[in-house]
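# Below: sequence and its predicted model.
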Amino acid sequence: MLQKPLHAAAHYLNPQYYYATLTSSDEIESNTKLKEGLLDCIAKLALDEEDESQILRDLIAYRTKAGRLGKRGAQACVKTIAPVEWWITFGSEVPALQRFAKRVLGLTSAASPCERIWSTFDNIHTKKRNCLEHDRMRDLAYIQYNRRLKKRYEERISGKEIDPIVLKSFDECAEWLVPDDARDDIVLGTDMTYGVLEDAEDGFDDPPL
């Protein structure tokens with residue numbers, strides 16, 4: 001499900017989807033929510049107003065297969081090479097859109113956060129906590145993962161300039177951080193305290209940024 005502007009932009013700019021069939025581009029263009037997400041993402045990530053305008057103009061070339069984008073070689077390999085590599089190889093005539101597409105498609109915008117959450121869940125299981133009831137285990141994984149986002153959150157509120165598309169600088173989950181200084185406080189309406197987390201975290205590495 002394309003719930004975020006970034007997801008919508010990635011779907012739209014993936015030639016494997018856009019050029020999949022003779023009618024796939026028309027289907028994508030008629031998807032109002034997807035188009036709105038794309039435009040929101042462009043507005044957020046464009047360098048300035050001129051860059052935004054140029055990206056929008058370049059989208060016409062993408063839609064109409066103008067220039068190198070419509071060459072037989074470009075169309076023949078949409079399903080055989082990675083989307084980012086496709087834009088690097090064939091997008092030089094639309095440099096503003098090429099740059100934008102490379103940034104968006106280069107992200108693991110959905111898979112990596114989910115993989116890190118499940119990695120956290122698995123790590124807690126290996127700490128001999130298999131006897132915890134399901135809800136408590138879920139809460140423990142949720143809290144631990146959020147605590148390990150603390151550094152990203154602090155950077156976000158520090159006032160430093162942040163590139164909104166770089167996962168090193170920004171994470172959509174940052175606003176869900178739980179308190180870090182209340183070991184004895186009860187969390188999430190359960191009988192579990194933040195102190196429980198301290199025991200579970202022993203020996204864990206920080207999550208990759």
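Happy to help now that I have it. Residues are numbered from 1 along each chain as shown.
# Which residues are in contact with L105?
10, 13-14, 83-84, 87 (Cβ atoms under 8 Å, 6 or more residues apart in numbering). In this view, the C-beta of every residue, glycine as well, is placed from N, C-alpha and C.
# Could you rerun that using 10 Å?
Residues near L105 by Cβ atoms under 10 Å, 6 or more residues apart in numbering: 9-11, 13-15, 82-87.
# out of those, who's nearest R57?
L13 (15.1 Å; Cβ to Cβ).
# So among the contacts of L105, which ones count as buried?
9-11, 13-15, 83-84, 86-87 (16 or more other Cβ atoms under 10 Å).
# Restricted to helices, list those residues.
Counting by DSSP state H, the buried ones among the contacts of L105 place 9-11, 15, 83-84, 86-87 in helices.
# and which of these is nearest to T21?
When these are compared for distance to T21 (Cβ to Cβ), P15 comes out closest, at 12.3 Å.
# How about that closest one: what's its closest non-neighbour residue?
Nearest non-adjacent residue to P15, counting by Cβ to Cβ, 6 or more residues apart in numbering: V78, 4.1 Å away.
# sec struct for that neighbour, please.
Assigned with DSSP: H, G, I helix; E, B strand; the rest coil, V78 falls in the coil class.
# How much space separates it from E29?
17 Å (Cβ to Cβ, to the nearest Å).
# Over to G67?
Distance from G67 to E29, by Cβ to Cβ: 19 Å.
# for whichever strand or helix holds S53, packing partners?
If you go by DSSP states H and E, S53 is part of helix 49-64. Using 3 or more Cβ pairs under 10 Å, 6 or more residues apart in numbering; DSSP states H and E, the elements in contact with helix 49-64 are helix 5-12, helix 15-18, helix 24-29, helix 32-45, helix 95-105.
# can you pull the contacts of the closest residue in space to D40 that isn't next to it in sequence?
Once flanking residues are discounted, D40 sits nearest to P5: 4.1 Å by Cβ to Cβ, 6+ apart. Listed by Cβ under 10 Å, 6+ apart, the contact set of P5 reads 34, 36-45, 104.
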